[in-house]
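Model the following, please.
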Amino acid sequence: MKQGKFIVFEGGEGSGKSTILEMIYEFLLEEGIDCIKTREPGGIRISENIRSIILDKENTEMDSKTEALLYAAARRQHLVEKVIPELKSNKIVLCDRFIFSSLAYQGYAREIGVNEIFEINKFAVGEYMPDLNILFDVSPEVGLSRINKNKDREVNRLDLEKIDFHNKVREGYHKLVEENKENFHVINAEKSIEEVFNEVKNVILKFIK
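Next up is the predicted model:
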């Protein structure tokens, strides 16, 4: 059984979740709280290799079910190799994306079906679901505008999707929040970075203390 806390940052492209996760990680370390940061897909060598395949903008012919299965495979390896050992060591695991990303992106936006994607991922993750999901809510227009302005960020295959796809992702997240209110906290990610950081910080401190 896990002993630590599994906190996942979710959101659409350009929501700022990765930036805030890094800030929260540094803050928790300064507070003397034992934690690690990681990401999906990725976090360990095999999953990072899968990530490079999924997000390669040249792989435009990738089938949506292939994409979903690759995400689940990367998730499984990352979970057993990194997340589970750290949770058993009683650490707080801060993760950039997890199962709800697949439900929103592949289940809703790709229209494969939420139940179908959940079953694939249930096989992959078993009992290891997040203790807390923080959704960084931002309109696709704002999120994609941020990406376009950030010249240091590599453009990936999902960034190139049409605006309708990103709207569906956001709609999917909102539906998932309604169905899982007990462990979701929604942040207005269109606020300033300082406001978002402070709100997330307070949510996490309240949750872990």
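
Assign a three-state SS to Ile112, would you?
coil (DSSP: H, G, I helix; E, B strand; the rest coil).

The nearest residue to it once chain neighbours are set aside: how many residues sit nearby?
Sequence neighbours aside, Gln106 is the residue nearest to Ile112 in space, at 5.2 Å (criterion: CB to CB, 6 or more residues apart in numbering). Where C-beta positions appear, they are placed from N, C-alpha and C, glycine not excepted. Counted with other CB atoms under 10 Å, residues neighbouring Gln106 total 26.

got a list of what Gln106 touches?
Neighbour list for Gln106: Ser64, Glu67, Ala68, Tyr71, Ile112, Ile117 [criterion: CB atoms under 8 Å, 6 or more residues apart in numbering].

looking at those, which has the most residues close by?
Tyr71 (26 neighbours).

Just give the nearest non-adjacent residue to that one, would you?
Nearest residue to Tyr71 in three dimensions, chain neighbours excluded: Ser102, at 5.2 Å (CB to CB, 6+ apart).

With His166 instead?
The nearest residue in space to His166 (CB to CB, 6+ apart) is Pro140, at 3.5 Å.

for this structure, which spans come out with low pLDDT?
Low-confidence segments of the chain (pLDDT under 70): 1-2.

What residue in it is the furthest from its centre?
The centre of the chain is farthest from one residue, Gly32, which by CA atoms, centre = their mean lies 24.7 Å away.

List the contacts of it.
Contacts of Gly32 (CB under 8 Å, 6+ apart): none.

any idea how far Ile92 is from it?
Plainly put, Gly32 is 12 Å away from Ile92 if you go by CB to CB, to the nearest Å.

just Arg39 next, same as before
Distance from Arg39 to Ile92, counting by CB to CB: 15 Å.

quick one: which of those two has more around it?
The residue with more neighbours, out of Arg39 and Ile92, is Ile92; 22 against 18, by other CB under 10 Å.

Quick check on that one: phi, psi?
Dihedral pair for Ile92: phi -90, psi 130, per degrees, to the nearest 10.

For it, give its distance to Val83.
Separation of Ile92 from Val83 (CB to CB): 11 Å.

Pull the number of nearby residues for Glu119.
Using other CB under 10 Å as the criterion, the residues surrounding Glu119 number 12.

Who are the contact partners of it?
Listed by CB under 8 Å, 6+ apart, Glu119 has no contact partners.

list the contacts for the residue nearest the centre of the chain?
Centroid-nearest residue in the chain, with CA atoms, centre = their mean: Arg97, separated by 1.4 Å. Counting by CB under 8 Å, 6+ apart, Arg97 touches Val8, Phe9, Glu10, Arg39, Glu40, Pro41.
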